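J.: quick one, structure for this:
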Amino acid sequence: MTKALEALTAYKAGPPLESLRERYGLNRVVMLAANECPEGPFPEVIEALTTALPSLNRYPSGGCTELRSALAERHGVPGERLVFGNGSCELLILLGEALLEPGEHMVFADPSFVVYRTVALKREASFDAVPLRDHVHDLDAMSAAIGPETRLVIVCEPNNPTGTYVGPQALRRFVESVPRETLVVLDEAYTEYVTHPAHEDTIPWLDDYDNLAVLRTFSKIYGLAGLRIGYGVFPPRLAEALDKLRQPYNVTTLAEVAALEALRHPTRLEERRAHVRRERVRMSQELERLGVSTVPSEANFMLANVEGLRVPAGEVPRALCERGVVVRSGSGIGCPGWMRVTVGTVEENDVFLGIMGDMAGKEWPR
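T.: Prediction:
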């Protein structure tokens with residue numbers, strides 16, 4: 001094995017739904033651990049997928065031709081600046097291959113999305129994982145960490161696992177501070193959930209900064225996590241380089257069909273964003289009433305402090321799981337004493353809040 005491979009740790013997904021049911025004797029399991037959309041694909045998407053099934057004997061469109069055209073029109077960018085991947089994770093890995101060599105340098109926040117560290121380790125690159133300040137990206141410290149060998153800087157906006165949001169003014173100042181030979185990547189997997197009044201689409205910024213890239217995904221609000229499709233808008237030369245690195249037919253036929261149809265239904269997207277906003281506020285307020293503080297979030301999840309409950313903080317996720325609610329323990333994502341909980345349906349959130357009330361020793365008004 002290579003030195004780089006020995007330094008890596010395999011990503012471990014949560015246990016399958018059926019195994020949890022069998023292990024704990026549960027009739028129902030509420031999945032609030034992976035920041036998934038609790039609803040499936042739009043009904044129109046399911047219909048489009050059904051129509052596409054007979055054509056699966058053929059390879060996909062090699063360059064996501066129809067989806068490329070639709071997104072180019074939507075974002076007002078040339079189609080050749082778009083690159084598609086098996087989720088935005090693949091694009092992050094391709095960026096590492098394109099930009100990093102052993103001894104070169106990368107900057108990202110800590111804690112943030114776990115794949116960033118993997119990108120650096122795979123390429124045997126050095127990195128600075130800059131600690132968050134009050135759960136938010138410390139952009140000044142990240143800027144100070146950039147040196148002559150820095151080739152890649154990633155900002156997750158909103159940040160995973162904290163849900164925190166920097167905002168366009170501070171973010172634009174940061175991009176302007178970065179040397180032009182260093183690429184800044186805005187990883188915006190959760191951008192469709194943002195309801196902050198200052199929110200701004202960052203893709204038009206690419207006209208102002210030739211060292212900026214923006215990543216998006218269909219895994220979250222569109223409910224297509226099981227199909228794995230994401231995209232990025234890149235400087236032209238970098239887009240060309242990434243196209244050389246990706247494997248042929250890296251996006252499946254069904255993934256492109258689903259993403260293309262999903263784009264045609266903005267009203268459904270708005271409904272999902274409004275639901276998450278309402279439930280995010282309600283869950284935060286109810287948890288605060290139970291004595292469980294939360295971090296202000298602009299995503300479809302929140303970070304909750306679970307210290308001081310009847311159950312020791314490190315045992316809270318397991319205790320929830322035993323009662324049929326799966327959340328993400330903070331100990332595995334750089335947030336000991338906390339847990340990350342996805343916003344589910346109203347009914348799912350009620351189940352979660354009821355159990356949290358029991359752990360807090362307070363009755364929750366069901």
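
J.: okay, the closest residue in space to Glu39 that isn't next to it in sequence: pLDDT?
T.: Counting by CB to CB, 6 or more residues apart in numbering, Glu39 lies nearest to Gly223, which is 5.5 Å off, once chain neighbours are set aside. For glycine as for every other residue, the C-beta is placed from the backbone atoms N, C-alpha and C. On the pLDDT scale, Gly223 is placed at 98.

J.: isn't Gly223 right up against Gly40?
T.: Yes - with contact defined as CB atoms under 8 Å, Gly223 counts as touching Gly40 (5.3 Å).

J.: can you pull out the strands in this structure?
T.: Under the criterion DSSP state E, the chain carries strands at the ranges 30-31, 82-85, 105-110, 126-131, 150-156, 183-187, 212-217, 230-233, 301-305, 325-326, 328-329, 338-342.

J.: compare Gly223 and Gly40 (neighbour count), which wins?
T.: More neighbours surround Gly223 than the other of Gly223 and Gly40, with 21 against 11 (other CB atoms under 10 Å).

J.: the more buried one and Gly334: what is the separation?
T.: Gly223 is 27 Å from Gly334, where distance means CB to CB, to the nearest Å.

J.: residues in contact with the residue lying closest to Arg28 once chain neighbours are set aside?
T.: If you skip the residues right next to it in sequence, Arg28 has Gly324 as its closest partner in space, 5.7 Å away by CB to CB, 6+ apart. Going by CB atoms under 8 Å, 6 or more residues apart in numbering, Gly324 touches Tyr24, Leu26, Arg28, Val29, Val30, Val351.

J.: how close does Gly324 get to Asn27?
T.: 8 Å.

J.: so Glu66 touches Ala259, yeah?
T.: No - the criterion here is CB under 8 Å, and Glu66 misses it with Ala259 at 9.6 Å.

J.: the more surrounded of the two?
T.: The neighbour comparison of Glu66 against Ala259 (other CB under 10 Å) goes to Ala259, with 26 against 13.

J.: OK, contacts around the more buried one?
T.: With CB under 8 Å, 6+ apart, Ala259 has these contacts: Leu67, Phe218, Tyr222, Leu224, Leu227, Ile229.

J.: which one of these is nearest to Leu8?
T.: Ile229 (24.5 Å; CB to CB).

J.: what pLDDT does the model give the closest one?
T.: 98.

J.: which non-adjacent residue is nearest it?
T.: Using CB to CB, 6+ apart, the nearest residue to Ile229 is Ala255, at 4.0 Å.

J.: my read: the one you found touches Gly230, true?
T.: No - between Ala255 and Gly230 there is no contact under CB under 8 Å: 9.6 Å.

J.: intersection of neighbour lists for these two?
T.: Counting by CB under 8 Å, 6+ apart, the residues touching both Ala255 and Gly230 are Asn86, Phe218.

J.: would you mind measuring the gap between the ends of stretch 156-170?
T.: End-to-end span of stretch 156-170 (CA to CA, to the nearest Å): 14 Å.

J.: check stretch 108-126 too.
T.: 11 Å.

J.: now do the helices in the stretch 201-350 of the chain.
T.: Under the criterion DSSP state H, counting those that start in this stretch, the stretch 201-350 of the chain contains helices at 236-245, 253-262, 266-289, 316-322, 346-360.

J.: out of these, which is the most enclosed?
T.: helix 253-262 (a mean of 22; mean count of other CB atoms under 10 Å).

J.: show me where pLDDT drops low in this structure?
T.: 1, 362-366 (pLDDT under 70).

J.: let's see 90
T.: The model of the chain has pLDDT under 90 over residues 1-28, 62, 310, 360-366.

J.: could you list which residues are in contact with the residue nearest to Glu39?
T.: Gly223 touches Glu36, Cys37, Glu39, Gly40, Pro41, Phe42, counting by CB under 8 Å, 6+ apart.

J.: show the buried residues in these.
T.: Using 16 or more other CB atoms under 10 Å as the burial test, the contacts of Gly223 include Glu36, Cys37, Pro41, Phe42 as buried.

J.: gap between the residue nearest to Ile229 and Arg246?
T.: On the measure of CB to CB, Ala255 and Arg246 end up 14 Å apart.

J.: swap in Arg180?
T.: 25 Å.

J.: higher neighbour count, the two?
T.: Legend: neighbour count by other CB under 10 Å for Arg180 and Arg246, higher for Arg246 (19 against 8).

J.: distance of that one from Gly232?
T.: From Arg246 to Gly232 the distance is 11 Å (CB to CB).

J.: who touches both of those two?
T.: Val83, Gly85.

J.: quick one: contacts for Arg216?
T.: Ser88, Glu188, Ala189, Thr191, Gly230, Tyr231, Gly232.

J.: and for Glu36?
T.: Here Glu36 is in contact with Ser219, Lys220, Gly223, Ala225, Thr342 (CB under 8 Å, 6+ apart).

J.: and the residues you listed, which of them are buried?
T.: Applying 16+ other CB under 10 Å to the contacts of Glu36 flags Ser219, Lys220, Gly223, Ala225, Thr342 as buried.

J.: contacts only, for Leu287.
T.: Ser293, Thr294, Ala304, Leu353, Met356.

J.: repeat that for Cys321.
T.: By CB under 8 Å, 6+ apart, the neighbours of Cys321 are Leu20, Tyr24, Val327.
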